[in-house]
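Colleague: Sequence and predicted model, in that order:
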Amino acid sequence: MTWLVWTGTILALIGLCGVILCIVLAVRAKRAGLDDAELRARLQRVVVLNMGALLVSALGLMAVVMGVILA
């Protein structure tokens with residue numbers, strides 16, 4: 001079951017990179033000096049990306065736990 005642990009680790013790292021990307025995009029949007037409507041639209045897109053990244057990360061962590069339990 002070591003393949004499940006390594007696959008889960010890779011998924012968790014991809015999710016973590018996605019969360020870091022969301023942070024960078026949100027900071028850039030805030031610093032851009034946009035009006036309220038444009039800022040809201042950009043941040044809504046970032047939220048969708050953030051939720052996807054959290055889902056991938058959670059699935060990766062679940063795979064790691066299952067791999068450790070089954071090993």
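Modeller: Structure's in. What do you need?

Colleague: Please make it C-alpha for all contacts and neighbour counts, starting now.
Modeller: Will do.

Colleague: do you know how far the spatially most central residue of the chain is from residue 19?
Modeller: Against the mean C-alpha coordinate of the chain, by CA atoms, centre = their mean, the closest residue is residue 53 at 2.3 Å. Relative to residue 19, residue 53 is positioned 6 Å away (criterion: CA to CA, to the nearest Å).

Colleague: Same question for residue 64.
Modeller: With distances defined as CA to CA, the gap from residue 64 to residue 19 amounts to 19 Å.

Colleague: Which helix or which strand is home to the closest residue to the residue nearest to the centre of the chain other than its chain neighbours?
Modeller: Closest residue in space to residue 53, ignoring its immediate chain neighbours: residue 15 at 4.5 Å, by CA to CA, 6 or more residues apart in numbering. Following DSSP states H and E, the helix or strand that holds residue 15 is helix 2-31.

Colleague: starting at the chain centroid, how far to that helix?
Modeller: Taking CA atoms, centre = their mean, to the nearest Å, one finds the center of helix 2-31 at 4 Å from the center of the full chain.
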